[in-house]
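J.: turn this into a model:
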Amino acid sequence: MGKIEEKLTHILKRPLIFGRRRHIIFWYDESQSYLSEVEMMKIDARISIVTENNYFRTRYMLENLTPPANVVLYFPFSKPKDEENPLLDIMLYSELFEPNEVREWQITYQLTEAEIKKYTPFFQNKERKKQFIQIINSNLIPENKNIRYAILATVVKAKNMEFSSIVMALLTEYTQGEKVKLDFVRKFVGLDYFWNELEVYFNYQNKNRSLSEFGGDLFLIPLQSIMKQSSINNKNRAYLFLERWSEIDKSNFEKVSEFFVRKLGLRDIFKRADLDDIANIGIFSLVQEQVVQKITIAILEGEIKYEAYLKVIQRRQELFAYDDYLISFAVLESAIQCLDKVGQFCKDGCNPNKSELWSQYVTKWSTIDHYYRLFYEAYDSLLDTDDNWNKLQQYVENTYKNRFLLPFAEKWSASFQQEAMFEVSPELLKQEDFFTKKVKPLIQSKKRTVIIISDALRLETANELAADLKQKPNFQITSSTMVGAIPSYTDLAMALLLPHKKIELINGKVYVNGVKSSSLNGRRKILKDMVDEDSAAFTSAEILEMTRAEVRSELQNKKLIYIYANTIDAIGDHASSEKYVFEACKDAIHELKKLIIKLNAHIRVNHVLITADHGFIYTRGTLKQADKIPNLTQKAEVKNRRFFMQEERIVDSTIVSFPIYHFSNQNYTVHIPKGINRFQKQGAGSNYVHGGYMPQEIALPIIDVQIERHKQHQELIQLELVTQSRTIHNAEITLNFMKKANLTTQTIYLYFENANNRIISNRVKIINQPIELGHEFIEVSFMIDTENPEPQEINLVFEIKSPTTQKKYDVFFLDI
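T.: You can find the predicted model right below:
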């Protein structure tokens, strides 16, 4: 029972004056301090809230209440003058309740008489008093602290009464050139009290008590490796203070940070410093910018410290304002990876044997294409490209093309120079055998099988998709490759991926078993004729647009489902959009994942096979005349920039020629420019090409997705909370954990959430090494012995935030 309830109860228990049958208590509360609580009070009386609009009803209630009962009339406004009080006659024979709030606070918070006298002016302001009540009701008062923290929080307009929030508010005001809040602190609490608390909180030792000096010392904390020592001795708390501020109020924090960057002259210091000196400095957005610039310039100047640069970028991901430079770091990381892999390619060289070249490309060198793609994905997302970015783009482009693509293409072409037939290796699966060797066994096992053919899904893109799918706990992923047919163009490749008895080329169009195979309806007929009625064919767009009921209606009874996706080739095959082909690759990955998840959710699917009809070659920039060769024929049945196909064989030093036997009605020869060259063709659109015989065009992925029902996701992290208490008394809490099994070297985050899933503490990171700031170790990260299977104790410190919505008895959740 609260103090107010006790006082009211005490009054209600008094003996009644002769002639009275009940107690009637008038309670005026101008500040509305108890408005939210009054109706919940448990006292032996009827409680009625009186407003200026219900006087008559109140009088009627008092005069007609049967049986007579005690009544407390609560007025959430000031006591009116007698001549303006409609209930004056009743009040004259009733009791007036006037709780002494300040006296109550004196008892509750153990204030002295001197303090009561000092704080009386503070409480005489109605608005200030109201804010104080909100603060006091919404926050836990820190242990061993009294009402001064609530007064401080009120006058500086902090969101809560944590001392850290009070300091944040005062520093923010100082950097805005104001001192209204600081004057209020001086007036109502006293600057000595504030500075004494600050000195204890941060172990701050500086005789010059000024926010200017303190702010400067505070923002020196992350700079111990390159600057003089700060006067703040509790560096761990100061760093956590800055980190927490940057998380909960990024906008204001960045403004304050920029103020002290200017005041301390840090821009020039960061600019002059070596990369190693600033690599671990957080808190400052400017450092992210400087790290990006320094790594970019170092790459352009030929410094090949790629492994070190990648470690720096990884470190920067955990620091303030990384998200503001996310794209810039993505450009750098992909550029470094691409350049590094090209360097390894140049160092290792190429085996002249075609099957070895194929194996090397599939297992190693396709990653160069991958990082080249990621580079342009990020580079094209930059909002502004300065001179250094443009130089880096040219450097990556020239390195990729001149040191990898062209030399590899030359080796590949040379390996076929004396070959009469096109065959990489007889041991490799060929595209024309895909249905017989991959699909048919699944049909015979009576398992529902989905075949997804993504037009121009290159091997490196498929490898990224497979890696993403492996993260799904009930997906078992197996990846392999097959050799695509030449010429590697859509019409022929799509026909070969279908069940077929004969394939014909008639007027430049491909027919399977007499049915034109380029249309979806034609493919449906081919499947039904060669398999049975339990087969179907759809586009990915059709499936993604279906409702659950439509998916089940169309596919529930089908055993073989072909799905065709055309996200990549639809963009790359047009001159106006070919520049965006790498963005289309990213979209294709997203679409295919979404497609598989939807199918798995709506119907039972046992197997999904993902493959492609062909890959592609793409380079950025205007092609040189040397990259093109003249058109050598006017008789081609089918042709594009990378091949032409006709009955007659042409001998020329600029091309390679192979007979092809896919068509039962006629034998043809395909002619392909050597390397990555193109045939000249009027008009734009020669950067994106396919149809040739380069591994980028014909190394086709096969992703086998086996979907296991009800497979439980195994825990990667086995940490047990061993701290016995589950009650939070202070803003800072230490929890003890036990590592029960081997942990991976991945980063683990632990933090508290409230019931609304909002994070209300700092995030504590567990990684495989601590963060070093000069000679000080800041305990926001913890080193775990990943090789030791024995139990290991870990002590983690959390700081609980106190927003105004947080109640004294809220329940919080620890998330890992």
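
J.: phi, psi for Ser479 please.
T.: phi -110, psi 140 (degrees, to the nearest 10).

J.: what about it, how many neighbours?
T.: 18 (other C-beta atoms under 10 Å). C-beta: built from backbone N, CA, C; applies to glycine.

J.: please apply the same query to Lys411.
T.: For Lys411, using other C-beta under 10 Å, the count is 18.

J.: please apply the same query to Ile589.
T.: 22.

J.: ok, Met645 next?
T.: Residues near Met645, counting by other C-beta under 10 Å, number 24.

J.: any idea what it is bridged to?
T.: Per DSSP bridges, residues listed as beta-bridge partners of Met645: Val638, Val670.

J.: pretty sure it contacts Ala636?
T.: Yes - between Met645 and Ala636 there is a contact under C-beta atoms under 8 Å: 6.1 Å.

J.: going along the chain, name the strands of the stretch 651-800 of the chain.
T.: For the stretch 651-800 of the chain, the strands defined by DSSP state E, counting those that start in this stretch cover 655-660, 668-673, 678-679, 688-689, 699-707, 719-721, 732-739, 748-753, 764-767, 771-773, 776-778, 781-783, 792-799.

J.: so which of these is nearest Leu65?
T.: For Leu65, the closest of those is strand 748-753, at 48.3 Å, according to C-beta to C-beta.

J.: dump the closest one to CSV, keeping only the CA atoms.
T.: Provided in CSV are the C-alpha atoms of strand 748-753 (Å, rounded to 0.1, in the frame of the first residue of the first chain):
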residue,chain,number,x,y,z
ILE,A,748,27.7,-14.2,-31.5
TYR,A,749,25.6,-11.3,-30.3
LEU,A,750,23.8,-11.2,-26.9
TYR,A,751,21.4,-8.4,-25.8
PHE,A,752,18.3,-7.8,-23.9
GLU,A,753,14.9,-7.1,-25.4
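
J.: same for that strand, what does it pack against?
T.: strand 764-767, strand 792-799, strand 813-815 (3 or more C-beta pairs under 8 Å, 6 or more residues apart in numbering; DSSP states H and E).

J.: confidence-wise, which of the ones you listed is weakest overall?
T.: Out of the helices and strands packed on strand 748-753, strand 813-815 stands lowest, with a mean of 59 (criterion: mean pLDDT).

J.: return the helix or strand in this structure with minimum mean pLDDT.
T.: Least confident helix or strand of the chain, by mean pLDDT, DSSP states H and E, is strand 776-778 with a mean of 31.

J.: just confirm Val450 is within a strand.
T.: Yes - assessed by DSSP: H, G, I helix; E, B strand; the rest coil, Val450 belongs to a strand.

J.: identify the bridge partners of it.
T.: Beta-bridge pairing for Val450 (DSSP bridges): Ile561, Val608.

J.: what's near enough to touch it?
T.: Shown in contact with Val450 (C-beta atoms under 8 Å, 6 or more residues apart in numbering): Ile561, Ile563, Leu599, Val605, His607, Val608, Leu609.

J.: got it, and Lys447?
T.: Lys559, Asn606, His607.

J.: could you redo the last one with a cut-off of 6 Å?
T.: Residues near Lys447 by C-beta atoms under 6 Å, 6 or more residues apart in numbering: Asn606, His607.

J.: so where's the stretch 451-600 of the chain shaky on pLDDT?
T.: Counting by pLDDT under 70, the stretch 451-600 of the chain contains no low-confidence range.

J.: that one: helices as residue ranges?
T.: Counting by DSSP state H, counting those that start in this stretch, the stretch 451-600 of the chain has helices at residues 459-469, 490-496, 520-530, 540-545, 548-555, 567-572, 581-602.

J.: what's the fourth one packed up against?
T.: So the one you mean is helix 540-545. If you count contacts as 3 or more C-beta pairs under 6 Å, 6 or more residues apart in numbering; DSSP states H and E, helix 540-545 packs onto no helix or strand.

J.: list of residues touching that helix?
T.: Outside helix 540-545, the residues touching it (C-beta under 6 Å, 6+ apart) are Ile563, Ala565, Leu595.

J.: so which of those residues comes closest to Arg46?
T.: Distances from Arg46 to the contacts of helix 540-545, taken by C-beta to C-beta, are shortest for Leu595, at 65.4 Å.
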